[in-house]
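**Q** Provided below for reference: sequence and predicted model.
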Amino acid sequence: MTLSEPTSRASEREPAPEGADLARLCARMLSDGRAKDVMILDLQGLSPVTSYFVIATGTSQRQIRGIAEEIRIEMKRSGLLPLGLEGLDESRWVLIDYADVVIHLMSADARSFYDLEMLWGDAPKVEWES
């Protein structure tokens, strides 16, 4: 082995996706987990906190918890750790913060009550399904 060869698996990883690519990846993971009404809102220029919201509805607390855990595990494999993870215990509204992308996985009641789509109505929707 020479010094120029990688010495750890971390250096062999693909770079973690960012911005819109990360948002699309998260949307696909939510959809694969059978979340409903998955959407991405582009908050660039509208929010100083994040660039994208990925919003989805889970059908049960168990499903919401399971999808959130799967996303956290898969992102960790890519080298991404969340800045914050809230709501996992109750699983009515789980928020996972990856800086540029914030995931909101909500029960139908919570999504209807908080209506993030209306609150951020000026934000353009991002196509993610191919």
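**A** Yes, it's here.
**Q** which strand or helix spans the residue nearest the centre of the chain?
**A** Nearest to the mean C-alpha position of the chain, by C-alpha atoms, centre = their mean, lies residue 103 at 3.7 Å. In this assignment (DSSP states H and E), residue 103 forms part of strand 101-107.
**Q** what's that strand packed up against?
**A** Under the contact criterion of 3 or more C-beta pairs under 8 Å, 6 or more residues apart in numbering; DSSP states H and E, strand 101-107 touches helix 19-32, strand 52-58, helix 61-77, strand 93-97. For glycine as for every other residue, the C-beta is placed from the backbone atoms N, C-alpha and C.
**Q** contacts for the shortest one next, please.
**A** Under the criterion C-beta atoms under 8 Å, 6 or more residues apart in numbering, residues 50, 64-65, 68, 71-72, 82-88, 102-107, 110, 114 lie in contact with strand 93-97.
**Q** which among those residues end up buried?
**A** 50, 64-65, 68, 71-72, 82, 85, 87, 102-107, 110 (16 or more other C-beta atoms under 10 Å).
**Q** closest one to residue 39 out of those residues, please.
**A** Ranked by distance to residue 39 (C-beta to C-beta), these are led by residue 104 at 9.9 Å.
**Q** ok, what's across the strand from the closest one?
**A** residue 55, residue 95 (DSSP bridges).
**Q** gap between the closest residue in space to residue 105 that isn't next to it in sequence and residue 85?
**A** In space, and not counting its chain neighbours, residue 105 is closest to residue 94: 4.6 Å by C-beta to C-beta, 6 or more residues apart in numbering. According to C-beta to C-beta, to the nearest Å, residue 94 stands 8 Å off from residue 85.
**Q** return the residues in contact with residue 50.
**A** 43, 97, 99-102.
**Q** in a strand, it, correct?
**A** No - judged by DSSP: H, G, I helix; E, B strand; the rest coil, residue 50 forms no part of a strand; its state is coil.
**Q** just the pLDDT for it.
**A** In this prediction, residue 50 carries a pLDDT score of 95.
**Q** I'd like to know how far it sits from residue 66.
**A** Relative to residue 66, and taking C-beta to C-beta, residue 50 is found at 24 Å.
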